[in-house]
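In: curious how this folds, go ahead:
(chains A and B)
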There are 2 protein chains.
Amino acid sequence: MKAGTAELQSASPGEEIVGRINQLAAISETSEHLARIFLTREHHAAADLILGWMREAGMLASLDAIGNVGGRYEGNRPGLPCLMLGSHYDTVRDAGKWDGPLGLITAISCIADLHRRGRRFPFAIEVTGFADEEGVRFASTLLGSRAVAGTFNERVLADRDEAGISMRDALIEFGLDPDHIGAAARAPSELLAYIELHIEQGPVLEAQNLPVGVVTAISGATRLAASLTGMAGHAGTVPMALRRDALTGAAECIVAIEELCRTDPGGLVGTVGYIHANPGATNVIPGQVSFTMDIRATTDTHRRKAVADIVRRVESIAKARKLQLQVDVTHENRTVPCAPWLRSQIAEAIAGEGFPVFELPSGAGHDGMAMIDIADIGMVFVRCRGGVSHHPDEHVETADADAGARVLLRLIENFRPKEAGGAARS
Amino acid sequence: MKAGTAELQSASPGEEIVGRINQLAAISETSEHLARIFLTREHHAAADLILGWMREAGMLASLDAIGNVGGRYEGNRPGLPCLMLGSHYDTVRDAGKWDGPLGLITAISCIADLHRRGRRFPFAIEVTGFADEEGVRFASTLLGSRAVAGTFNERVLADRDEAGISMRDALIEFGLDPDHIGAAARAPSELLAYIELHIEQGPVLEAQNLPVGVVTAISGATRLAASLTGMAGHAGTVPMALRRDALTGAAECIVAIEELCRTDPGGLVGTVGYIHANPGATNVIPGQVSFTMDIRATTDTHRRKAVADIVRRVESIAKARKLQLQVDVTHENRTVPCAPWLRSQIAEAIAGEGFPVFELPSGAGHDGMAMIDIADIGMVFVRCRGGVSHHPDEHVETADADAGARVLLRLIENFRPKEAGGAARS
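Out: Numbers count the residues shown, from 1 in each chain, chains lettered A, B, ... in the order given. As a prediction, this is how the structure comes out:
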């Protein structure tokens, strides 16, 4: 057995973690598929279960003003700034059971181990389970972490779900006070860092044959909506030379975007996920096509340059084909870098557990995107099978859950704040 | 004034034709858009109006067993084989008012002129208004002309419309006897030829700056449905090199189909009119894409070779991208050639009216596709604005309607049966 995990009570924290993953996955809107949505009965039941685990692990635990669960494990003396660990416990619809819960349950498992051994540090440890990261119900993501970071936008309280219920009313129905969400906000001085363990949701660690990895940054994303307008026409009566086919134009754009990203040496990714051709009949030349573009890179500079290149390319294709083009940026997320000092400590913990250190960006968004406003962030990725996520086939091997837990425990035990005894940011 | 039209009573048959086009267009399911559907109240009203015009033009006119309107103008003696003129009087939904009615109304206008002048020929002339060419209500096209050609498939009587009404019940409700549709069938010996005047529904005559053209053939069409299956994935987490994106694969196919058709010297046209990407979310790599292909050429040999080339190309793209491919032929129409002897007479009539003779294929389907089973067919195309059809913007200039009428009248007056005094086919 390796140093730093020698004292783990259970030979395999992975087994306990997988058991709890399954317990939590049983709390779902329907039994056919997993869906645990913000401010529902399932949210309540899951919160109760997690709060119980937190208390059992020696933490003082409670629900905050937005429905996050929070547990605190004091340091050598009460009131010290904390190392915050966390992840989310809401899901998409027809979800996998690992996305979110793995990080939260692993963190609680580490605290339980420390508690059993009576370990205390010159800093507190907190574990936060964010209530809504996916944004399924109100189409606004990161609601839980934004409340903690003090960046919750009160205007979203008026947003309504598909049933027409406002977020304000849903909070009240859940037993929370929408006028006190501000109370969930934490001051930067209370946090030494925010560290999240999460499944990779991609195939890179699997391709590398590694159980865990160090995240370099949460890639920024720019989403664009494009519309090409040509001239609809009868599929039989318009010769090729007289056509202004919006779909062949869009197809040329899609091929060009793929080529631009594929040949980029810096890991740029570009995706056209949605396309719609009008009128959409077998025997009619499409007169209008809408499609989306999702462009991500590990630095904002890289992404912005790529977006500009792609838009120029799409413009030139539209011009050559005499198609009208409309392109709008519908969404933009800056790149959120993981702090180099936290990346080093994560790398040390991984190496300490005997695994090769491998760094990779996160192409998916995470609560760190909100937490960066009040703390330096770090992330540990755990391999998932086939890179599959947001799908019932999402899977993590018990051995990998175990590896993740050992790395996180070692990281906590060896944690050195950026500035000894003070906050990482002020 | 040119020979052969000198005796026209009205200086412009076009004006009368346009007036009647507008009268007929007023008979529609709703006032918001034009829709005149098989076996509806509008079908009845339109039939009554057209039967009135036929009688006024000196024809013996009646409704047949499928709801076609038919008028007969006897020749020098009763019972002679006929030159049949015709087109359809049903419409698509949100239709233009010229597609179908122009040919029918022009034919009636020609007979009226002959009648006024007491002209009789060594052949009869019949005008048929087909009740259903578009196939909107029961998703089977050419119902009217198939009944006349004796190729009506009785099994379609069981087909139901969107409201669940069977064709059998709709015929009864309309006042027709579904068990006597066979009575609408005509013997090949009764017909010398079938000639249809129709709007082009494409932009070729406009690009040639010509009011009319001679149709060479109704192009055959093959429709295919393709499905590409790759691997869905998160738009941010799957590096380009690890993707099996079904949409970029489909886009490459669409560009390749366009290129194959564009570089074909024989007027091949290929259209991808429908595409659907699954799951179709901005931030998900499409795992599955369905699209259609519509391939048309003026000979069956040419079309079959093109379809084989296109399928091979799509297969090789799928293979290179490790995508599963499924391709099915969903529909196939043989090419229906216009008879050379009728093309010559149409060309003479066009030249006789002082217009350059221009030949072009019909990419769209017409009642001649059914009539070919009992008669040689010929078609005259009339220019329509911008090639727009199946759309309220469908438009024919009065001068072009006039040109079409003069050409058709000259064609009738100079018509020579293929075998003098006998049937073109036996």
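
In: show me what residue of the stretch 301-426 of chain A gets nearest to chain B.
Out: Nearest residue of the stretch 301-426 of chain A to chain B: A:Gly363, at 2.7 Å (CB to the nearest CB). Placement of C-beta: from N, CA and C, glycine included.

In: measure the nearest residue to that residue once chain neighbours are set aside to A:Gly267 for me?
Out: In this structure, A:Gly363 finds its nearest non-sequential neighbour in B:Gly236, 2.7 Å apart by CB to CB, 6 or more residues apart in numbering or on different chains. Distance of B:Gly236 to A:Gly267, computed by CB to CB, to the nearest Å: 11 Å.

In: and these two? Which one has more around it.
Out: Applying other CB atoms under 10 Å in any protein chain shown to B:Gly236 and A:Gly267 shows that B:Gly236 carries more neighbours, namely 24 against 19.

In: let me see the contact set for that one.
Out: Residues counted as contacts of B:Gly236 (CB atoms under 8 Å, 6 or more residues apart in numbering or on different chains) are A:Gly202, A:Ser219, A:Ala221, A:Val269, A:Asp294, A:Arg296, A:Ser362, A:Gly363, A:Ala364, A:Gly365, B:Asn283.

In: name the element it belongs to?
Out: Secondary structure assigned from DSSP states H and E places B:Gly236 in neither a helix nor a strand.

In: kindly report the same for A:Val327.
Out: If you go by DSSP H and E, A:Val327 is part of strand A:324-333.

In: just the CA trace of that strand, in PDB.
Out: C-alpha atoms of strand A:324-333 as PDB (Å, rounded to 0.1, in the frame of the first residue of the first chain):
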ATOM      1  CA  GLN A 324     -27.600  35.600 -47.800                       C
ATOM      2  CA  LEU A 325     -25.900  35.000 -44.500                       C
ATOM      3  CA  GLN A 326     -26.900  35.900 -41.000                       C
ATOM      4  CA  VAL A 327     -24.500  34.900 -38.200                       C
ATOM      5  CA  ASP A 328     -25.200  35.700 -34.500                       C
ATOM      6  CA  VAL A 329     -23.200  34.800 -31.400                       C
ATOM      7  CA  THR A 330     -25.800  33.200 -29.100                       C
ATOM      8  CA  HIS A 331     -23.600  32.400 -26.200                       C
ATOM      9  CA  GLU A 332     -20.000  33.100 -25.100                       C
ATOM     10  CA  ASN A 333     -18.100  31.600 -22.200                       C
END
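
In: what's it packed up against?
Out: Contacts defined by 3 or more CB pairs under 8 Å, 6 or more residues apart in numbering or on different chains; DSSP states H and E place strand A:324-333 against strand A:220-229, helix A:300-320.

In: what comes into contact with that strand?
Out: Residues outside strand A:324-333 that contact it (CB under 8 Å, 6+ apart): A:220-230, A:292, A:307, A:311, A:314-315, A:318-319, A:365, A:369, B:282.

In: just the buried members of these?
Out: Among the contacts of strand A:324-333, those buried by neighbour count (16 or more other CB atoms under 10 Å in any protein chain shown) are A:220-230, A:292, A:307, A:311, A:314, A:318, A:365, A:369, B:282.

In: before we move on, the earlier item: any idea of the angle the strand holding A:Val327 forms with helix A:300-320?
Out: Calculated by axes from the mean of the first three to the mean of the last three CA atoms, to 10 degrees, strand A:324-333 forms an angle of 170 degrees with helix A:300-320.

In: show me which positions of strand A:324-333 end up buried.
Out: Applying 16+ other CB under 10 Å to strand A:324-333 flags A:Leu325, A:Val327, A:Asn333 as buried.

In: and whichever helix or strand comes after it, average pLDDT?
Out: Next helix or strand after strand A:324-333 toward the C-terminus (DSSP H and E): strand A:336-337. If you average the pLDDT over strand A:336-337, you get 96.

In: helices and strands around strand A:336-337, which ones?
Out: strand A:212-218.

In: give me the sheet partners of the strand it packs on and which way each runs.
Out: strand A:336-337 (antiparallel), strand A:359-362 (parallel), strand A:377-382 (antiparallel) (DSSP bridges).

In: what average pLDDT does the helix or strand A:Ser145 falls within get?
Out: Assessed by DSSP H and E, A:Ser145 sits inside helix A:143-149. The predicted model gives helix A:143-149 an average pLDDT of 98.

In: around chain B, pick out the residues from the stretch 301-426 of chain A.
Out: Residues of the stretch 301-426 of chain A lying close to chain B (CB under 8 Å from any CB of the partner chain) are A:Thr330, A:His331, A:Ser362, A:Gly363, A:Ala364, A:Gly365, A:Gly387, A:Val388, A:Ser389, A:His390, A:His391.
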